[in-house]
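Participant: compute the structure for the input listed below.
(chains A and B)
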Amino acid sequence: SQTIHQWPATLVQPVGSPLSLECTVEGTSNPNLYWYRQAAGRGLQLLFYSVGIGQISSEVPQNLSASRPQDRQFILSSKKLLLSDSGFYLCAWSDETGANYGYTFGSGTRLTVV
Amino acid sequence: GEDVEQSLFLSVREGDSSVINCTYTDSSSTYLYWYKQEPGAGLQLLTYIFSNMDMKQDQRLTVLLNKKDKHLSLRIADTQTGDSAIYFCAENTAYSGAGSYQLTFGKGTKLSVIP
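Facilitator: Down below sits the predicted model:
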């Protein structure tokens, strides 16, 4: 069966520090991968999606970047965090056709920038 | 633009039925989804309905789809305190013209169950 792992679960980082959040998927190949941010426990904002290794689409220009060095690995990064980067970050995957059968989400990372 | 609309809050008493409503925009959506998010957790797929169906029932959950009005609802029978969560409606919308789809989510409805 397919599983998605996301870590760390919580993170407190000072302003100006770098960030690296990792997401890996097991039990499938060539998944579509997504990074979302959820502010204040409500709506989801799509940050990045990837349909293959090295293929990253950015939905919102911002202080963050994403990379997909391997088929089932998706990394969210920042060189210098801002206070406004605080939030709940969710990774998700879907099959390569897109989303006919829904997305499967990781358990999320709570990032607090202080 | 493509917006999925939901009311933000719903409060019900334990044992009553909850009905969460959603309107979507893309008439070509083939699937519509309901996700549940408990505090501090990721989103969990509750159920989905194919666009050629009007209704889908799964134990305490009933999904109704009105394609003409682009209206989707989720009914939870005999609502329990464990049902307290945020419920997201989502539709799959085509992108890039390549036959692939992405999910567009509503902002979520926070369901509070009063004991």
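
Participant: pLDDT weak spots in chain A?
Facilitator: A:41, A:61, A:97-100 (pLDDT under 70).

Participant: and if we set it to 80?
Facilitator: Scanning chain A for pLDDT under 80 picks out the ranges A:40-42, A:61-62, A:96-101.

Participant: which helix or strand contains the spatially most central residue of it?
Facilitator: Chain A has residue A:35 as the residue nearest its centroid, 3.0 Å off, counting by Cα atoms, centre = their mean. For residue A:35, the element it lies in under DSSP states H and E is strand A:32-38.

Participant: restricting to C-alpha, output that strand in PDB.
Facilitator: Extracted in PDB, the C-alpha atoms of strand A:32-38 (Å, rounded to 0.1, in the frame of the first residue of the first chain):
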ATOM      1  CA  ASN A  32       2.300  13.900  -8.700                       C
ATOM      2  CA  LEU A  33       3.500  15.700  -5.600                       C
ATOM      3  CA  TYR A  34       2.200  18.900  -3.900                       C
ATOM      4  CA  TRP A  35       3.100  21.300  -1.200                       C
ATOM      5  CA  TYR A  36       0.400  23.300   0.500                       C
ATOM      6  CA  ARG A  37       0.400  25.800   3.300                       C
ATOM      7  CA  GLN A  38      -2.500  26.300   5.700                       C
END
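
Participant: off-centre distance for that strand?
Facilitator: Relative to its chain's centre, strand A:32-38 lies at 4 Å (Cα atoms, centre = their mean, to the nearest Å).

Participant: that one pairs with which strands?
Facilitator: Taking DSSP bridges as the criterion, strand A:32-38 forms sheet pairs with strand A:44-52 (antiparallel), strand A:87-94 (antiparallel).

Participant: touching the first one from outside, list them.
Facilitator: Looking back up the chat, that one is strand A:44-52. Under the contact criterion Cβ atoms under 8 Å, 6 or more residues apart in numbering or on different chains, strand A:44-52 has outside partners A:30, A:32-39, A:56-60, A:62, A:64, A:66, A:68, A:71, A:74, A:76, A:90, A:96, B:43, B:88, B:100, B:102, B:105, B:108. Yep, even glycine has a C-beta here, placed from its N, CA and C like the rest.

Participant: next helix or strand past that strand?
Facilitator: Once strand A:44-52 ends, the next helix or strand along the chain (criterion: DSSP H and E) is strand A:55-58.

Participant: bridging residues for the nearest residue to residue B:48 once chain neighbours are set aside?
Facilitator: Nearest residue to residue B:48 in three dimensions, chain neighbours excluded: residue B:33, at 4.4 Å (Cβ to Cβ, 6 or more residues apart in numbering or on different chains). Assessed by DSSP bridges, residue B:33 has beta-bridge partners residue B:48, residue B:90.
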